[in-house]
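Visitor: Sharing a sequence plus its predicted fold:
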Amino acid sequence: MRNTRGTHVLVLNTGSSSVKYRLLDMADGSRPAGGLVERIGERTSYLRHDPAGGPRREREEPVADHATALEALAEELERDGLGLDSPELVAIGHRVVHGGRRFTEPTVIDEAVTAEIERLVPVAPLHNPANLAGIRTALSLAPDVPQVAVFDTAFHTTMPEHAARYAIDTAVADEHRVRRYGFHGTSHAYVSRGAAELLGREPSETNVIVLHLGNGASASAVAGGRCVDTSMGLTPLEGLVMGTRSGDIDPAVVFHLSRVAGMSVDEIDELLNRRSGLLGLCGDNDMREVLRRMDSDGPDAESARLAFDVYVHRLRKYVGAYCAVLGRVDAVAFTAGIGENAAPVRQAVMAGLRGLGMAVDPELNGAPGDGPRLISPPGSRVAVAVVPTDEELEIATQTYELVSGGTMGRK
Ligand code: ADP
């Protein structure tokens, strides 16, 4: 039997060619170690391990697959006395991208759960196989440690049917599980709660629009702590303009490109997922670069400006739509790489929205900061905030609550 008094949770985020990991101590919120393995399966892979209080260890060597990557990270943890057999380790929390309709909560992993994650591969062909590889290896390396799946989709399973349904033939939709699932759920959950806390209110009494703007980007409308709409759909392609993804598009564009340009389905998939968004519009998918070019007055300023404007216009449409969905909005919360760091994006999204009770104070917006903070003028009807996301902490918290039966004092 394992020592149930430990307080460490290992969070694993297994992507198609990378594994990111973080060990958290839930007793005091510290992070004893973390790291990543990148470029798995390529000629040389990159491994990095950061023990708290110790020097970084990094190296390049071939890492053939996810199993080898997890073995390597387990060895690194072992070197710091934090191995998978440490009595301190109470659970491993796995980020799983697609939980379909069934997984509405974090779930202890057993064979039935892995089978269901596998069954969902057709709706998440890029993500769920990698997540499964991580789960299977972790189960074999640490068979006695409880393992928990925390699903990106779970927070959105509270969406009402009228927000989750596409207006297509119901029989076709049901047979092929075509509906709106939403993603980035752990972030939307964490940030909507964080926004309520910042306002000193109960999440159950607070309505929040969350704008998660990273490489992938999504918006959500959260009413009293429950998601009622989100911008991503069957896949993470729908909704906002992203680094390389188009977001919303007339589906007839696909037929048009197929019929007129002779592109295959795979080519169009690649175009919309990897060569669109900011990258497609201006050649750069990094918002820092887009902002730099816009200010440069150089020959490529114009396309950067257009990319920025398209990006912001789409965001403003979602803010407006979610005001209508929620009826009353208490806060708009910006998060993730762009949301947390790009003051010009926040300024532009909120410009001219005083009619909706929303405004940004230029000084507060421009001031550096790394914690949750208000950027709206004092006394605004709607609080506009920056709430840094922490998906690893949220996964660890949900995992720990499940295996320890506690609520960690959460409101
Ligand atoms: P991921 O979705 O990969 O987790 P992140 O949340 O780390 O992404 O966000 C990555 C994005 O954040 C990139 O487009 C990057 O340009 C943007 N970003 C990071 N720092 C800044 C900054 N200081 N100003 C503008 N954009 C930034």
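Guide: That came through fine. Numbers count the residues shown, from 1 in each chain.

Visitor: any idea how far residue 126 is from whichever residue of the stretch 201-350 of the chain sits closest to the ligand?
Guide: Here the stretch 201-350 of the chain gets closest to the ligand at one residue, residue 337, 2.0 Å apart by C-beta to the nearest ligand atom. Bear in mind the C-beta positions are built from the backbone N, C-alpha and C, glycine included. Using C-beta to C-beta, to the nearest Å, we find residue 337 at a distance of 20 Å from residue 126.

Visitor: So which of those two has more stuff around it?
Guide: residue 337 (17 against 14; other C-beta atoms under 10 Å).

Visitor: and the host helix or strand of that one, what does it pack onto?
Guide: Here residue 337, judged by DSSP states H and E, is contained in helix 336-341. The contact analysis (3 or more C-beta pairs under 8 Å, 6 or more residues apart in numbering; DSSP states H and E) places helix 336-341 against strand 207-213, helix 343-350.

Visitor: What parts of the chain come near the ligand?
Guide: 214-216, 243, 286-288, 291, 336-338, 341-342 (C-beta under 6 Å from any ligand atom).

Visitor: And the furthest pair within these?
Guide: Largest separation among the residues of the chain next to the ligand by C-beta to C-beta: 216 and 291, giving 18.9 Å.

Visitor: and residue 396, which of the three is it?
Guide: helix (DSSP: H, G, I helix; E, B strand; the rest coil).

Visitor: give the contact list for it.
Guide: 9, 11, 22, 24, 26, 93 (C-beta atoms under 8 Å, 6 or more residues apart in numbering).

Visitor: For the fifth one, grab the count of nearby residues.
Guide: As a burial measure, residue 26 scores 21 neighbours (other C-beta under 10 Å).

Visitor: sorry, back to before: out of the residues of the chain next to the ligand, which end up buried?
Guide: 214-216, 243, 287, 291, 336-338, 341-342 (16 or more other C-beta atoms under 10 Å).

Visitor: Low-confidence bits of the stretch 301-411 of the chain, can you list those?
Guide: Confidence mapping of the stretch 301-411 of the chain against pLDDT under 70 gives the ranges 407-411.

Visitor: and if we set it to 90?
Guide: Scanning the stretch 301-411 of the chain for pLDDT under 90 picks out the ranges 368-370, 405-411.

Visitor: Would you map the strands across it?
Guide: 331-335, 373-374, 383-386 (DSSP state E, counting those that start in this stretch).

Visitor: Figure out which of those strands is closest to residue 394.
Guide: strand 331-335 (11.7 Å).
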